[in-house]
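> Compute the structure for the input listed below.
(one chain, ligands or ions: 2)
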Amino acid sequence: MDTGIVGGSGYGGGELLRLLAGHPTLKVRTVAAGSRAGEDLSTVFPHLNTSGTLAPSTPEALEGCDLVFLATPHAVSMALAAPLRDAGATVVDLSGAFRLPAEVFERWYGMDHTAPELTPAVYGLPELNRDAIAGAGLVAGPGCYPTATLLGLKPLAGLVDPASLTIVGMSGSSGAGRGLRDNLHVSHATANTAAYGAPTHRHTPEIEQQWSVLTGADHPVSFTPHLVPQVRGMVVTLNAQLLDATAPEAVPAAFHDAYDTEPFVTVVDGWPESTHVVGANTAHVGAAVDPRTGRVTVSCAIDNLTKGAAGQAVQAANVALGLPETAGLPTMAVYP
Ligand SMILES: NC(=O)C1=CN([C@@H]2O[C@H](COP(=O)(O)OP(=O)(O)OC[C@H]3O[C@@H](n4cnc5c(N)ncnc54)[C@H](OP(=O)(O)O)[C@@H]3O)[C@@H](O)[C@H]2O)C=CC1
Ligand SMILES: CC(=O)N[C@@H](CCC(=O)OP(=O)(O)O)C(=O)O
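Ligands and ions are numbered 1, 2, ... in the order given. Okay, the predicted model is just below:
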């Protein structure tokens with residue numbers, strides 16, 4: 001199946017290239033970029049040991065692709081999704097452009113939506129939304145923090161007070177992409193930990209939207225992300241009040257019920273560590289109840305670039321196209 005990658009010079013695009021090199025069905029035909037169009041992949045990503053010239057990001061350059069991954073800024077995804085759909089391609093977008101209804105997007109992202117008719121697209125988290133993804137033409141890949149948060153939350157629906165939730169995220173710097181900013185300089189980022197974006201980080205409405213699907217009611221949530229001194233990988237830890245009727249032993253049972261048959265989610269004893277998932281499309285989740293407070297703590301570790309972006313996009317594409325869901329996706333991490 002002929003496959004295109006737009007944003008092929010970025011971190012998400014590079015991870016797509018790495019994963020698709022081992023995919024039995026999806027064959028990369030076109031890799032497109034923005035300012036780096038015309039450069040050779042061997043100079044942009046020497047670690048991939050591949051070559052080929054980066055194409056411009058135009059619908060014409062992607063002609064003939066049955067599937068296109070958009071690993072691009074939101075505005076670029078908004079501009080490309082409609083012409084690619086019109087040309088018959090299945091589109092999996094890694095940006096935030098299509099996760100929310102257009103009016104919610106405009107409020108939280110502070111920019112106009114130029115393709116509101118395509119919003120919201122099918123939300124591409126297979127563990128929550130597998131049936132809807134099957135056959136979808138446009139899939140909105142979830143944000144990295146929402147992926148880890150929602151995998152932690154899914155088993156808690158019906159067991160906790162939905163309004164009592166607090167969520168703290170910790171991400172490595174690759175979550176911010178390949179561009180350079182002051183707080184991403186090695187001299188700063190490798191020696192610093194700081195919260196950012198709270199309480200209006202744009203992943204908040206995305207988490208709220210899916211939490212309301214899981215619980216059947218709308219509840220605002222509190223979400224605080226942090227940038228921590230590592231490159232890949234993230235941990236999200238959340239805390240909620242158990243309902244009076246919830247027995248503590250119902251919590252581990254709910255996690256095992258939800259995930260024992262999932263190929264990419266492992267329930268761990270103790271607390272997940274980000275080093276155990278780097279390079280794998282795997283989420284590790286752990287949970288514990290505090291009998292003193294009646295609260296539950298859940299923690300989830302993923303690689304932001306794999307299960308949090310490119311790996312999840314390939315997983316969703318597999319589901320959308322009726323391929324084996326695990327095709328091309330590693331479950332073993334790179335360690336140390
Ligand atoms: N990094 C992460 O952990 C995650 C990222 N995402 C989302 O995935 C998308 C890609 O992120 P990431 O790979 O980290 O970002 P990067 O900044 O590393 O890469 C961005 C890519 O987009 C291309 N691009 C930028 N402007 C344009 C343009 N005007 N036209 C065409 N292409 C353009 C760049 O090309 P060039 O360099 O040639 O200009 C580059 O290939 C973003 O929407 C991000 O929010 C989602 C989940 C997790
Ligand atoms: C560390 C860091 O900066 N992380 C990014 C999240 C990356 C992500 O999931 O991106 P999108 O939702 O934009 O696709 C951030 O907080 O903006």
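
> Pull out the buried residues from the worst-scoring helix or strand of the chain on mean pLDDT.
Ranked by mean pLDDT, DSSP states H and E, the weakest helix or strand in the chain is helix 186-189, scoring a mean of 92. The neighbour-count check on helix 186-189 (16 or more other C-beta atoms under 10 Å) flags residue 189 as buried. Any C-beta I mention is one placed from the backbone N, CA and C, and that applies to glycine too.

> and the following helix or strand past that helix, what other elements does it pack with?
Downstream of helix 186-189, the next assigned helix or strand under DSSP states H and E is strand 194-195. The contact analysis (3 or more C-beta pairs under 8 Å, 6 or more residues apart in numbering; DSSP states H and E) places strand 194-195 against strand 222-227.

> quick one: is the helix or strand where residue 170 lies near ligand 2?
Using DSSP H and E, residue 170 sits within strand 166-171. Yes - counting by C-beta under 6 Å from any ligand atom, contacts between strand 166-171 and ligand 2 involve residue 171.

> Give me the three-state assignment for residue 104.
helix (DSSP: H, G, I helix; E, B strand; the rest coil).

> do the least confident helix or strand of the chain and ligand 1 meet?
No - Helix 186-189 does not reach ligand 1 (C-beta under 6 Å from any ligand atom); its nearest approach is 14.0 Å.

> Tell me who's in contact with residue 85.
Shown in contact with residue 85 (C-beta atoms under 8 Å, 6 or more residues apart in numbering): 91, 118, 137, 138.

> Help me confirm that residue 230 comes into contact with residue 274.
Yes - between residue 230 and residue 274 there is a contact at 6.9 Å, judged by C-beta atoms under 8 Å.

> Compare these two and say which is more crowded by neighbours.
A direct count of neighbours by other C-beta atoms under 10 Å for residue 230 and residue 274 places residue 274 higher, at 22 against 18.

> which one is the more buried one nearest to, not counting chain neighbours?
residue 233 (3.2 Å; C-beta to C-beta, 6 or more residues apart in numbering).

> Look up how far residue 200 lies from that neighbour.
Relative to residue 200, residue 233 is positioned 25 Å away (C-beta to C-beta, to the nearest Å).

> cool, and residue 213?
Distance of residue 213 to residue 200, given as C-beta to C-beta: 22 Å.

> do the same with residue 281
As for residue 281, its distance to residue 200 is 30 Å (criterion: C-beta to C-beta).

> Please list all residues in contact with the closest residue in space to residue 109 that isn't next to it in sequence.
Spatial nearest neighbour of residue 109, excluding adjacent residues (C-beta to C-beta, 6+ apart): residue 202 at 5.6 Å. Contact analysis of residue 202 by C-beta under 8 Å, 6+ apart lists 96, 108, 109, 143.

> if we can go back for a sec, pick the one among the contacts of residue 85 closest to ligand 1.
Taking C-beta to the nearest ligand atom as the measure, ligand 1 lies nearest residue 91 of these, at 13.5 Å.

> neighbour count winner among residue 281 and residue 200?
residue 281 (24 against 11).

> Touching, that one and residue 313? I think so.
No - with contact defined as C-beta under 8 Å, residue 281 does not count as touching residue 313 (10.0 Å).

> so the residue lying closest to residue 89 once chain neighbours are set aside, which of the three states?
Nearest non-adjacent residue to residue 89, counting by C-beta to C-beta, 6+ apart: residue 68, 4.9 Å away. Look at residue 68: counting by three-state DSSP, its state is strand.

> what's near enough to touch residue 68?
Residue 68 neighbours (C-beta under 8 Å, 6+ apart): 3, 4, 5, 6, 62, 80, 84, 89, 90, 91, 92.

> Next one: it, what pLDDT does it get?
Looking at residue 68, its pLDDT is 98.

> what residues does the stretch 101-250 of the chain put near ligand 2?
Within reach of ligand 2 by C-beta under 6 Å from any ligand atom, the stretch 101-250 of the chain has these residues: 143, 144, 171, 175, 176, 197, 203, 225, 227.

> wait, isn't the last one in contact with residue 169?
Meaning residue 227. No - Residue 227 lies out of contact with residue 169 (C-beta under 8 Å); the separation is 9.7 Å.

> quick one, which of those two is more surrounded?
More crowded of residue 227 and residue 169, by other C-beta under 10 Å: residue 169, with 30 against 22.

> wait, doesn't the more buried one sit right on residue 148?
Yes - using C-beta under 8 Å, residue 169 is in contact with residue 148, at 7.0 Å.

> what sits in contact with each of these two?
Common neighbours of residue 169 and residue 148 (C-beta under 8 Å, 6+ apart) are 234, 235, 236.

> Thanks again, I'm all set now.
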